[in-house]
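Enquirer: coords please:
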Amino acid sequence: MGDTDTPIRRLFVEMRRRHVFRTVALFIVSTWLVMQVADVVFPALDIPERAIRYVLIAALMIFPAVVVFGWFYDVGMDGIRRTAPAGPGDIATTQPLRRSDYVILTALAGVLILILYNAMGNVIEAPPQAQRPVSEGPPIVAVLPFVSKSLEGESEFFAMGVHDDLLTQLAHLQSIRVISRTSVLEYKNTTKNIREIGEALGADAILEGGVQSAGDKIRINAQLIDARTDEHLWAETYDRDLSPANIFDVQAEIARAITSALRTSLTEQDATFLSVIPTENMAAYRAYHQVINSRPGDAEFKDPTSAFQKIVTMDPGFTRAWAELVGSLSVSNFGGDDPELTERAELALQNIREIAPASADYLIAQAYYTYYVLRDYDRALLLISQAEEKIPSDARLAALKAWIYRRKGDFESMVESLRQARSMDPRSPGWTIMLTTALLVSHRYEDARSEVENSAFDNYQIASYGNLLRLREHGHFDRWAEAEAEVHYEFEDDADPRDMWGAHIANRNFAAAEVLLNDFPETEFNLSALDPFSNKMSAQAINYWFLGQGDKLTETLSQLRTIIDEAQNSDVDPNHYRSNLIWALIAAVEGDTEQTERFVRRWRRGAAEDLAELTNNRHLSCRALGMSGATRAAADCIRAGVEQPSFVMPFMEPFLPYYDGMRKHSEFVDMLAELNGMGNKP
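Expert: This is a model prediction of the structure:
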C-alpha cells in the first residue's frame, strides 16, 4: 500500500463519495440564513438580540447528527435517498486529494468562521450607552415604581406599597445592592429606555412591575432586565388572595428570583430575613404605607409620631413601625430634655427587644435613640455599623453615620459616608449639596469644585456654591454679588434671600442688603437655628450697624434682648449656650469689646461638647469679634478657623467688612500675610 494511502484519506474519499460534505454545506448555509433572518426579526418581536446565540448553540448541537445523517443518506435534487454501500472498485485508496477537495474544505472553514464571527458580534458588541464598567462587588439593582394595572384607587395604593416593601426586602440582601427609593421615583411613567435609566443610576439590572387588585384578589407581575443589553433576564406573574402575608411572600419570591437571575446566592442571613412576615394586619399595613408615602400637608407628614403610635397599637408585633416610632420620638427630643418623650422611646425600644432582639429594626431604633437622645456618638456609630451588616443598601444608615461623624468633628469620614449614601441614592441632589458643604468646611476646595462642576443637577444651592468657589479664583466681591443675583433670578422659587443679603454685605452694598431684609422669612426666633445670625432680627442689627442707623439699631437690639430672655427662660430650647453668640453680636454693635470676647469664650466652652456647633458657627464668632474691634482675638479666630474645619474660608473671611476697622493693625496685617503665604489672596 502506498505512502499516501492512510485511514484518514480513505475516510475523506468515502465521505466525498457519500456527499457528506454537500449535506454539511447545505446545513451550514441554512444556519447562516436563519441567523440573518433572526437578526432582523428578533428585535421586531422584542426578543433580545443576544438570543441569536441560542440559534448558533442549537446548530452546533445538531451538527453531529447532520454528519451522521449525511453518511447514510444522500440529499439531492431528486430528494433524500439512502446511500449505497461502496463496492470493491468505488474507492481508489491511493488516489490523492484533488484541488476541488481542498476548495471544499477551505470554503466550509470560511463559512464557519463567518458564522461564528457574526454570532459573537451579537453577543459581545455593546451599544455606546453601555460602555461603562461593570459595578464592583455585588450587582446593583434599580427597582422602578410599580404601576397600577387598573383604574381602581386600591391598585395604585398597593403598587406603591409593593414597591416600598420590595425595596426594603432587597436592601437587606447581602448578595445584591439596591438603589434607594428617592432616586427611582423620578422614573415613574418615564419615557426613557432601560439603558438610559441604568446609565443614570449606575445599575446593572432594572426591575419593572405592575399591580392589579380586584376585590380580595391581587396580581403582581415583575420582570428583570439587563441594564446594559436590554435583555430580559426573568419575568413572572403572581396571582394571590389579597393579604399582607401573601404580598410579602410574593416579594420574597421576587427577591429570590432576582438573585438567581443575577447568578448570586442568598446568604443564610438573607434567607432568614426573607422568611419573616413584618405584619399580617391589613389595617396596620395600610396605615404604615400612608405614613411612608405622605407628603407635606398630609396629617401623617405633620405628625408622624402619632401615626406610628396608631400603627403599633393595631399590630404590636410590627417591629418596622416600632423602629420608625422610636426614630420620630428621638428626633423630636434632641438632647433628651423631654422626659415624657424619652420614656415613650424607651418603652418602644423595650417592645422591639422583646419581639425581635436580633433584628435590624432593633439596631436602627437603638441608633436613633443613642444619637439623638443620649448623644453618645461612639455607641451610635457602633450600632449603625452593626445595622449596616444586616442592611447593606440602606442610604439612611450611611446618612446617619455621616451626621455622627460630623458631631465627632471627623469630616473626612463624613465625606466618605456621604459618598456612600450618594452611591445608593444617585439621583437625589441633596447628597451632592451636603457633600460639597462638608468639603468646603474641610477646606478641600478643589474637591468641592470638582463636585460642583461634575454635578448632574440644575440646582440653586449647587449653582451658588459654584459662585463661591469662583470667588476663590478671582477675589472680587462685586463679581460674586452679580453672579449670585443671576442665580437668584434663575432659581427664583428656590433662592434664599439671606444668601443674596450676605453677598451684598460682602460687597459693602449695605443699602441693597437692607432692601432684602423685607424678603427674609418671618420665622419664630429659634436658638437652635443652624446660623443664629441669619434670622431677620440679627441681620437687621448687622445691617443697621453698617449703615450707621442708630435709632433702628437701638430698637432692634431691644427686641433681641427681650426674645433671647424669653427663649432662655423656656424649656423648649436646650441649646442655651448658643444664645452667647447673639449676646456677643449685641455687645459688638454696641462697641463693648470686653463683653464681646467674654460671650465668645462662653460660647466656645459650650460648643466644645458639640463639635458640629463649633464648626458651623465659628465664623460668626470671628465676625462679632471683628465688629467689636477685638483685633488680636479676631485674627486668632480666623487662624483657628483656617486650621480646623469651619466656614472660615481664607479667600473670603478676612476680606469681609466686619474686619474693616482693624485692617491697619499689626496683628491683623500679620495674619493676612500668613494667609497670603498660603496662597489665599483677595
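Enquirer: in stretch 231-246, which residues are buried?
Expert: By neighbour count on 16 or more other Cβ atoms under 10 Å, the buried set for stretch 231-246 is 231, 232, 233, 234, 238, 242, 243, 244, 245, 246. The way it works is simple: take the backbone N, C-alpha and C, and place the C-beta from them, glycine included.
Enquirer: would you map the helices across the stretch 51-200 of the chain?
Expert: 52-72, 99-124, 153-171, 181-184, 194-201 (DSSP state H, counting those that start in this stretch).
Enquirer: mean pLDDT lowest for which of those helices?
Expert: Lowest mean pLDDT of the helices of the stretch 51-200 of the chain: helix 99-124, a mean of 57.
Enquirer: got the buried residues for stretch 320-340?
Expert: Going by neighbour count (16+ other Cβ under 10 Å), the buried part of stretch 320-340 is 320-330, 333, 336, 338.
Enquirer: could you do stretch 481-493 as well?
Expert: Under 16+ other Cβ under 10 Å, the buried positions of stretch 481-493 are 481, 483, 484, 485, 487, 488, 491.
Enquirer: excluding sequence neighbours, find me the nearest residue to residue 541.
Expert: residue 556 (4.9 Å; Cβ to Cβ, 6 or more residues apart in numbering).
Enquirer: per-residue confidence for that neighbour?
Expert: pLDDT, residue 556: 93.
Enquirer: can we start the residue count at 12 from this point?
Expert: All right, first residue 12 from here; so that's residue 567.
Enquirer: what are the ranges of the strands in the chain?
Expert: 84-87, 90-93, 151-154, 158-159, 188-189, 216-225, 228-237, 243-252 (DSSP state E).
Enquirer: to residue 642, which of these lies closest?
Expert: Proximity to residue 642 (Cβ to Cβ) singles out strand 188-189 among the strands of the chain, at 54.3 Å.
Enquirer: that closest one pairs with which strands?
Expert: Take DSSP bridges as the rule and strand 188-189 pairs in its sheet with strand 151-154 (parallel).
Enquirer: residues making contact with the partner strand?
Expert: With Cβ atoms under 8 Å, 6 or more residues apart in numbering as the test, strand 151-154 has contacts from 174, 177-178, 181, 187-190, 194-195, 208-209, 212-218, 220, 235, 238, 269, 273.
Enquirer: buried subset of those, written for ChimeraX?
Expert: A single ChimeraX command selects the buried members of these (16+ other Cβ under 10 Å):
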select :174,177,178,181,187,188,189,190,194,195,208,209,212,213,214,215,216,217,218,220,235,238,269,273
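Enquirer: one step back: of the buried residues of stretch 331-351, closest to residue 636?
Expert: Distances from residue 636 to those, taken by Cβ to Cβ, are shortest for residue 347, at 32.8 Å.
Enquirer: surely residue 628 and residue 621 touch.
Expert: No: counting by Cβ atoms under 8 Å, residue 628 does not reach residue 621; the two are 10.1 Å apart.
Enquirer: who's more crowded, the two?
Expert: Under the criterion of other Cβ atoms under 10 Å, the comparison of residue 628 against residue 621 puts residue 628 first, with 22 against 17.
Enquirer: what is the burial count for the spatially closest residue to that one that is not a sequence neighbour?
Expert: Among residues not flanking residue 628 along the chain, residue 592 sits closest, at 6.2 Å (Cβ to Cβ, 6+ apart). As a burial measure, residue 592 scores 26 neighbours (other Cβ under 10 Å).
Enquirer: likewise residue 613?
Expert: 16.
Enquirer: how near is it to residue 594?
Expert: 8 Å (Cβ to Cβ, to the nearest Å).
Enquirer: now residue 173
Expert: Where residue 594 is concerned, residue 173 sits at a distance of 55 Å (Cβ to Cβ).
Enquirer: now do residue 467
Expert: Relative to residue 594, and taking Cβ to Cβ, residue 467 is found at 44 Å.
Enquirer: same question for residue 447.
Expert: Going from residue 447 to residue 594 by Cβ to Cβ gives 32 Å.
Enquirer: quick one: which of the two has more around it?
Expert: residue 447 (26 against 20).
Enquirer: so who does the spatially most central residue of the chain touch?
Expert: The residue lying closest to the centre of the chain (Cα atoms, centre = their mean) is residue 436, at 1.2 Å. Residues near residue 436 by Cβ under 8 Å, 6+ apart: 190, 191, 193, 194, 406, 442.
Enquirer: residues near the last one, how many?
Expert: Burial of residue 442, expressed as a neighbour count using other Cβ under 10 Å, amounts to 25.
Enquirer: also the third one?
Expert: Neighbouring residues of residue 193 were enumerated by other Cβ under 10 Å; the total is 15.
Enquirer: so it sits against residue 439, correct?
Expert: Yes: if you go by Cβ under 8 Å, residue 193 and residue 439 touch, sitting 4.8 Å apart.
Enquirer: and the closest residue to residue 482 other than its chain neighbours, how far is that from residue 686?
Expert: Ranked by Cβ to Cβ, 6+ apart and with sequence neighbours excluded, the top spatial neighbour of residue 482 is residue 491, at 4.4 Å. Between residue 491 and residue 686 the computed distance is 18 Å (Cβ to Cβ).
Enquirer: what of residue 624?
Expert: 25 Å.
Enquirer: what does residue 244 give?
Expert: Residue 244 is 58 Å from residue 686, by Cβ to Cβ.
Enquirer: lowest-confidence helix or strand of this structure?
Expert: helix 110-135 (a mean of 57; mean pLDDT, DSSP states H and E).
Enquirer: so what's residue 253 closest to, chain neighbours aside?
Expert: In space, residue 253 is closest to residue 229, 4.5 Å off (Cβ to Cβ, 6+ apart).
Enquirer: now do that neighbour against residue 252, distance only.
Expert: Distance from residue 229 to residue 252, by Cβ to Cβ: 8 Å.
Enquirer: return the residues in contact with residue 158.
Expert: Residue 158 neighbours (Cβ under 8 Å, 6+ apart): 170, 199, 200, 220, 221, 222.
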